[in-house]
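1. sequence-free structure coming up:
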Ligand SMILES: [Zn+2]
């Protein structure tokens, strides 16, 4: 029991640190994107231009963090995940402007994801394969945190994050295949998972004339499908994504505040569905089957 508490705390701290990295990476990716947009002659708003001018995205990790308002270089004590934000009450130490909720939310979000993933992991974490799958899941968590934030803010899923995520998915599917001795059931289950989460979005993408979903959703769907590597969990993830989307957007729809052109970021919905299906899917499905059998 004590052992579990110690591991949970360690994972929570790791989640906070990686959450801070994810937050910083999101801004740096945005800076890079805007620079490319500007080079291709696309319109970039002046506020964003000002914010981005203060970031130097030479590389994605090595450059120092700065305040998006005053451009002041941030010291290590300004960058302690959550602690700095709380002690400064969400304001910059130098110009006292509000830093916003983005950083603490993504840091806390990833910390909670890491701890919950440990406490509710569907297997016992005893074999090398299991532990590797768990580490892949956490690494994927960092990637989806960036995508979640990026898609919410700017309705895009950058390839620099989606491609490594697909790589992690392939690795996960390979483990599942090896552990299933390359049997037909396992192979078919992985392929169906891809068809359900990625293929379906691809069809919507094609038939809606690229209007409803973007190709980014198709690629994200593929990554998440490979990370689940199970057709039943894939269906559940898709169902949950739509359920969450309906719950969130129904009030807007009913009050007529949601227009046809309104952008709905599918990425965060799909990611939420994926996380719930991956962690609780097996128990949810057996509960559901027991329920239908008892009626
Ligand atoms: Zn500042």
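-> Alright, I've got the coordinates. Quick caveat, the model's predicted, so the values are computed rather than measured.
2. residue 187 contacts residue 174, correct?
-> No - using CB atoms under 8 Å, residue 187 is not in contact with residue 174; the gap is 11.6 Å. Where you see a C-beta, it was placed from the backbone N, CA and C, and this is true even at glycine.
3. give me the next element, helix or strand, following the helix or strand where residue 247 lies.
-> Using DSSP states H and E, residue 247 sits within helix 231-254. Using DSSP H and E, the helix or strand that follows helix 231-254 in sequence is helix 266-294.
4. what separation is there between residue 40 and the ion?
-> Distance, residue 40 to the ion, using CB to the ion, to the nearest Å: 30 Å.
5. all strands of the chain, in order?
-> Taking DSSP state E as the criterion, the chain contains no strands.
6. show me which helix or strand of it is least confident by mean pLDDT.
-> helix 46-53 (a mean of 68; mean pLDDT, DSSP states H and E).
7. quick check: chain neighbours aside, which residue is closest to the residue of the stretch 101-250 of the chain found nearest the ion?
-> As assessed by CB to the ion, the ion sits closest to residue 103 within the stretch 101-250 of the chain, at 13.2 Å. Once flanking residues are discounted, residue 103 sits nearest to residue 23: 4.8 Å by CB to CB, 6 or more residues apart in numbering.
8. with residue 205 instead?
-> Leaving out its chain neighbours, residue 205 is closest to residue 213 (CB to CB, 6+ apart), at 5.1 Å.
9. got a list of what that neighbour touches?
-> Residues counted as contacts of residue 213 (CB atoms under 8 Å, 6 or more residues apart in numbering) are 201, 204, 205, 266.
10. and for residue 273?
-> Residues near residue 273 by CB under 8 Å, 6+ apart: 236, 237, 238, 239, 240, 241, 242, 243, 244.
11. give me the neighbour count for the fifth one.
-> Spelled out, it's residue 240. By the measure other CB atoms under 10 Å, the count of residues near residue 240 is 21.
12. same check, this time on the third one
-> As a burial measure, residue 238 scores 22 neighbours (other CB under 10 Å).
13. wait, doesn't it sit right on residue 198?
-> No - Residue 238 is beyond contact range of residue 198, at 10.4 Å (criterion: CB under 8 Å).
14. in stretch 208-222, what's buried?
-> 213, 214, 216, 217, 218, 219, 220, 221, 222 (16 or more other CB atoms under 10 Å).
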